[in-house]
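[1] Fold the following, please.
(2 chains)
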There are 2 protein chains.
Amino acid sequence: MLYPNKIEKTGYKTVNYSNRGMNLENLINETNEYYVEKDIALIYKKPTPIGISEAVYTEHGRIIKNGYFKAPSTLDYNGIYKGKYIEFEAKETQKKTSFPLANFHEHQLKYMKKVINHGGICFVIIKMNNQIFLIKGEDLIKFIDENTRKSIPYEYLKEKGFVIKESYNPALDYLKIVDEVYLERM
Amino acid sequence: MLYPNKIEKTGYKTVNYSNRGMNLENLINETNEYYVEKDIALIYKKPTPIGISEAVYTEHGRIIKNGYFKAPSTLDYNGIYKGKYIEFEAKETQKKTSFPLANFHEHQLKYMKKVINHGGICFVIIKMNNQIFLIKGEDLIKFIDENTRKSIPYEYLKEKGFVIKESYNPALDYLKIVDEVYLERM
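    Next up is the predicted model:
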């Protein structure tokens, strides 16, 4: 079985210039579009929940004149892949030595446990130091339960995370890692 | 096995006054909250996708000053139940004799097929003539493929649909019908 983080350690590296400058969210959105187009999976980013304090009716329909962003209580992406429910969150940080847990809302962490208990595949994708890692929800929860610190050391990501390589099409083939981490071990 | 629509035909009826006046969306949202609270399922209404043409930054964060509603390309509700991916749409009509298919967007109907092909449980909940029916996505697609008409006759809903009863808590226990229609027959 392949452990992508181990491949990384051997020094093998794919550099692809086409995605340069694309942020993590765009990489994932493009990848999800590719998956839908190729009928590989149906995974979408949930729209940001909006509160509306003022709306008007116009000839073009209802228009929001005053709206605000609500804090999400679930994770950003969900969908179905090979008959399995998948839900995940993606975050990037400019920090070099550790990933601040404040990037997740308290209720999002509780929610991850629930998704796992209901039999879903749940993980986070973290971009840090120009590397992109998939961290299993189980590992993230264990880390939080066993530690009092407010951030995840980069060393931990390298040890427990699975590196997702950027490439051309799809831009970020995270389902390949999902196959290896979740489905081939079943 | 119980066929709730057959129970209906025998004349058995539960009348519950507490939900009177609650529209279908509210009934489902309250039911989903109940399911989450009791840890039965994790099913949420997706936020309506919003396009933002003008936003300002204030001391309270980013505020939308001009926003519009986008047409959804997936269905309104999705989540996980007993390890299964579930996605559905809910619609009500004031019409008495048939349900207009224009209530669904063209791409939503195509999307239903995809969810089913990927192994998800996919259905619509239709409220009409004060009755609430669950119609399997498979049946809806078959109806559309085999008919040129632009609406589903009420008789068809009564024949192919499964009646979901309103009750007290949860307000609309549609997962009971999902059990009977999808899970107990597996």
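[2] When you work out contacts or count neighbours from here on, use the C-alpha atoms and nothing else.
    OK.
[3] With adjacent residues omitted, what lies nearest to residue A:90?
    Nearest residue to residue A:90, sequence neighbours excluded (Cα to Cα, 6 or more residues apart in numbering or on different chains): residue A:125, at 4.6 Å.
[4] Which of the helices or strands spans the one you found?
    strand A:121-128 (DSSP states H and E).
[5] Can you give the distance of that strand from its chain's centre?
    4 Å (Cα atoms, centre = their mean, to the nearest Å).
[6] so after that strand, what's the next helix or strand?
    strand A:131-136.
[7] The top helix by length along chain A vs chain B: in contact?
    As assigned by DSSP state H, the longest helix anywhere in chain A is helix A:24-37. No - residues of helix A:24-37 are not located near chain B by Cα under 8 Å from any Cα of the partner chain, the shortest gap being 9.3 Å.
[8] How far does that helix sit from its chain's centre?
    11 Å.
[9] Same check on stretch A:170-186?
    The answer for stretch A:170-186 is 13 Å, by Cα atoms, centre = their mean.
[10] For that stretch, buried residues please.
    A:170, A:171, A:172, A:173, A:174, A:175, A:177, A:178, A:180, A:181 (16 or more other Cα atoms under 10 Å in any protein chain shown).
[11] beta partners for the residue nearest to residue A:90?
    Counting by DSSP bridges, residue A:125 is bridged to residue A:90, residue A:134.
[12] OK, contacts around it?
    A:88, A:89, A:90, A:91, A:132, A:133, A:134, A:135 (Cα atoms under 8 Å, 6 or more residues apart in numbering or on different chains).
[13] circling back: nearest to residue B:113 among the buried residues of stretch A:170-186?
    residue A:175 (21.7 Å; Cα to Cα).
[14] if I pick residue A:36, what's in contact with it?
    Counting by Cα under 8 Å, 6+ apart, residue A:36 touches A:42, A:43.
[15] any idea whether the nearest residue to residue A:32 once chain neighbours are set aside is helix, strand or coil?
    Nearest in space to residue A:32, with sequence neighbours left out and distances taken as Cα to Cα, 6+ apart, is residue A:43 at 5.9 Å. In terms of secondary structure, residue A:43 is strand; the call rests on DSSP: H, G, I helix; E, B strand; the rest coil.
[16] and the residue nearest to residue A:31 when sequence neighbours are not counted, what does it touch?
    The shortest distance from residue A:31 to any non-neighbouring residue, by Cα to Cα, 6+ apart, is to residue A:170 (5.0 Å). By Cα under 8 Å, 6+ apart, residue A:170 lies in contact with A:30, A:31, A:34, A:35.
[17] What segments of chain A are strands?
    In chain A, the strands defined using DSSP state E lie at A:41-45, A:50-58, A:61-69, A:77-81, A:84-92, A:98-100, A:121-128, A:131-136, A:151-153, A:162-163.
[18] returning to what we had before: so which of the buried residues of stretch A:170-186 comes closest to residue B:141?
    Closest to residue B:141, out of all of those and judged by Cα to Cα, is residue A:175, at 29.0 Å.
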